[in-house]
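**Student:** what would the 3D arrangement of this be:
(chains A and B)
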2 protein chains.
Amino acid sequence: MRVWQILKRKGLCSTALNHAAILGPNLPDVWIPPNTSSTMDSRVDVQTATIIDGKAIAQDIRSQIAREVCRMKASIGKSPGLAVVLVGKRRDSQTYIRVKLKACDEVGIPSFIAQLPENCTEYQLLNVVSGFNDNPLVHGIIVQLPLPQHLDEEKIIDSVSPEKDVDGFHPLNMGNLAMRRREPLFIPCASKGCIELLLRSGVEIMGKKAVVIGRSKIVGLPTSLLLQRHQATVSTVHAFTKNPEKITREADIVVSDVGIPNIVLGNWLKPGAFVIDMGTNPIKDPNSRNGYRITGDICFKEATKVVSAITPVPGGIGPITITMLLSNTLDSAKRAFRFP
Amino acid sequence: MRVWQILKRKGLCSTALNHAAILGPNLPDVWIPPNTSSTMDSRVDVQTATIIDGKAIAQDIRSQIAREVCRMKASIGKSPGLAVVLVGKRRDSQTYIRVKLKACDEVGIPSFIAQLPENCTEYQLLNVVSGFNDNPLVHGIIVQLPLPQHLDEEKIIDSVSPEKDVDGFHPLNMGNLAMRRREPLFIPCASKGCIELLLRSGVEIMGKKAVVIGRSKIVGLPTSLLLQRHQATVSTVHAFTKNPEKITREADIVVSDVGIPNIVLGNWLKPGAFVIDMGTNPIKDPNSRNGYRITGDICFKEATKVVSAITPVPGGIGPITITMLLSNTLDSAKRAFRFP
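**Tutor:** Model (predicted):
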């Protein structure tokens, strides 16, 4: 008797053609915070890593963007425009948006901001997005996430015109990022920043083992897809991964997008690895002005003794990511105006 | 001096904001065929694997589909319809289509076929697809790949309505497959077949290590994405992967989609692994009727001594894949008619 017949008798075939079952359970990623006591051999105590100066790299790229914006204005009298949609009063969202608008201002990109109350209706929000879709002065639209629970995030993202989706979160852009021989109109900013950083740092990606820890649509998923387009052998680690430290320890390139302070300890990392820390985790700090400070996913103190290069938090990949938003907005305007 | 400044001096920053560079080189996967001499310890010579009977599983699912098609016809007088577009006279494509049409016939799904000459224009082909997009009798459209060189495959696939994209190759469906908390309208047939087989076989996917060898849009890419939705820890192996055998040897679930006979040898596989062989490789065989026979990517003789279960070629995942095309077409018609 064949295995499927046995299983059928056992009633294990009941899942046949169940679309939801085929797509897999929609589980939240619940990470177990690590034992934060140092795991490093106390005798090893030498910093080997280059600390990447993300601010300086971002500044360098922003000056290039500013020059391009000037050139566009001078030759065709047009500017790229970015529209930002904020719903509610989340403090972190307000901070992110302030930073993005300041960056636009720095490089001469006019920005438009629509603020909606926490209790706005989906219809109101869709109308705002649709207005920006039709506005010829706007070449990029970002809807600051997360949205309040009563709003359908996917529906809102789908309503952003793929031609103005500078966050790269529209499924059409994500699909074209995933599929070889295709090109998305926009690459999500964090992923674009990662590759930009690796290329600038002269890291050979092709054939390297890369581990991406986390799989959010904002960072983990597109970064896995993009690293694979660069011919890396990519393993994606998530909350359901057994022995994540073992898999991560084999990687030449590590990108972390978990959201838990110091979850990646020194003994998770391969000596000489190139590490990009996407975590931006607020932790209490009585000594800091607002009573908290931002830290990454990687145990920085331990990692610097093991890896060859690492992005600090803050001042690492963050400023580069914001810069990629400006880059995407500029690209979008160039496309719209057929400006070389 | 910071690393990026040193690199800049070395001229390593020239790649800044180069869209093509960020997306990575568009390289073909050139696999090096293995040394096919047996790598197994000659003392080990016992078959441990269950050979999955794909034909029997497919037959079981097809009878369920046939019952559903009857129920639809009986209660609303409508049938699902599948349209197939074939360009040129490739012998393999003609065989695949013959098999698909026969399967439709078996379950009572009417099929429509459009055959275009090898030298047809893109405009002609787009018109045919658009006709099927508008045809209310058609709920699924497949354009048999590969297309002749002079036709833009991506452009043609994009022209298929996502609501009738039963192959699941439209970037909008692929993007929605990649992104959690979203659902594609269709899952590519081979990937859907893999998960269906794993679920039927009672294989626990969550937390398991899965290796997908190959990354085509037809099999490798969507299967990696779908296994990850099931909370497997997925590594994608491709032609640029160093030591693919080492990575594959760690996997509890192996899906191979390379297209090279017997490239995966016994020593690539973990004892007890569940192996799905997607390869359909014609090799010369003077003893067979047409002078060739179909074989898989996995060295079957060696694998059966190592793994716990394996799909043979032919008669393994192939018939299940074809069956998923029927399933997708039925699902599409149910959606169109709001038929529960």
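**Student:** all the helices of chain A, residue numbers only.
**Tutor:** For chain A, applying DSSP state H gives helices covering A:3-9, A:19-23, A:54-76, A:91-107, A:122-134, A:153-159, A:171-178, A:189-200, A:220-229, A:244-248, A:300-303, A:317-337.
**Student:** now A:Leu226. Nearest residue, chain neighbours left out?
**Tutor:** Distances taken as CB to CB, 6 or more residues apart in numbering or on different chains place A:Ser191 nearest to A:Leu226, at 4.7 Å, with adjacent residues excluded. C-betas here are computed from N, CA, C, even on glycine.
**Student:** would you map out the domains in chain A?
**Tutor:** The record assigns chain A these domain ranges, following automatic domain parsing: A:78-167, A:187-319.
**Student:** pick the most deeply packed of these.
**Tutor:** domain A:187-319 (a mean of 22; mean count of other CB atoms under 10 Å in any protein chain shown).
**Student:** and the helices of chain A, which one averages the lowest pLDDT?
**Tutor:** Ranked on mean pLDDT, the bottom entry among the helices of chain A is helix A:3-9, at a mean of 41.
**Student:** which bits of the stretch 51-200 of chain A sit near chain B?
**Tutor:** Contact residues, the stretch 51-200 of chain A versus chain B (CB under 8 Å from any CB of the partner chain): A:52-53, A:56-57, A:60-61, A:64-65, A:153-154, A:170-184, A:187, A:192, A:195-196, A:199-200.
**Student:** in ChimeraX, how would I select just the buried ones from those residues?
**Tutor:** Selecting the buried subset of those in ChimeraX, with 16 or more other CB atoms under 10 Å in any protein chain shown as the burial test, is done by:
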select /A:52,53,57,60,61,64,65,153,170,171,172,173,174,175,176,177,178,179,180,182,184,187,192,195,196,199,200
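**Student:** what's near enough to touch A:Ile187?
**Tutor:** Contacts of A:Ile187 were listed using CB atoms under 8 Å, 6 or more residues apart in numbering or on different chains, and they are A:Gly168, A:Leu177, A:Pro222, A:Leu226, A:Met324, A:Asn328, B:His19, B:Ile22, B:Leu23.
**Student:** identify, from the residues you listed, the entry nearest to B:Asn127.
**Tutor:** A:Leu177 (29.7 Å; CB to CB).
**Student:** separation between that closest one and B:Ile141?
**Tutor:** 24 Å (CB to CB, to the nearest Å).
**Student:** what's the neighbour count on A:Ser327?
**Tutor:** If you count neighbours by other CB atoms under 10 Å in any protein chain shown, A:Ser327 ends up with 28.
**Student:** is it in contact with A:Ile65, as I believe?
**Tutor:** Yes: if you go by CB atoms under 8 Å, A:Ser327 and A:Ile65 touch, sitting 6.1 Å apart.
**Student:** thought A:Pro271 was touching A:Val307?
**Tutor:** Yes: applying CB under 8 Å as the test, A:Pro271 and A:Val307 come out as touching, 7.3 Å apart.
**Student:** between these two, which contacts overlap?
**Tutor:** Contacts common to A:Pro271 and A:Val307, judged by CB under 8 Å, 6+ apart, are A:Thr48.
**Student:** still on that earlier bit, closest to B:Cys104 out of the contacts of A:Ile187?
**Tutor:** Nearest to B:Cys104 among those, with distances taken as CB to CB, is A:Leu177, at 33.6 Å.
**Student:** distance of the closest one from A:Ile205?
**Tutor:** Remark: distance between A:Leu177 and A:Ile205 (CB to CB) = 16 Å.
**Student:** nice, that's everything, thank you.
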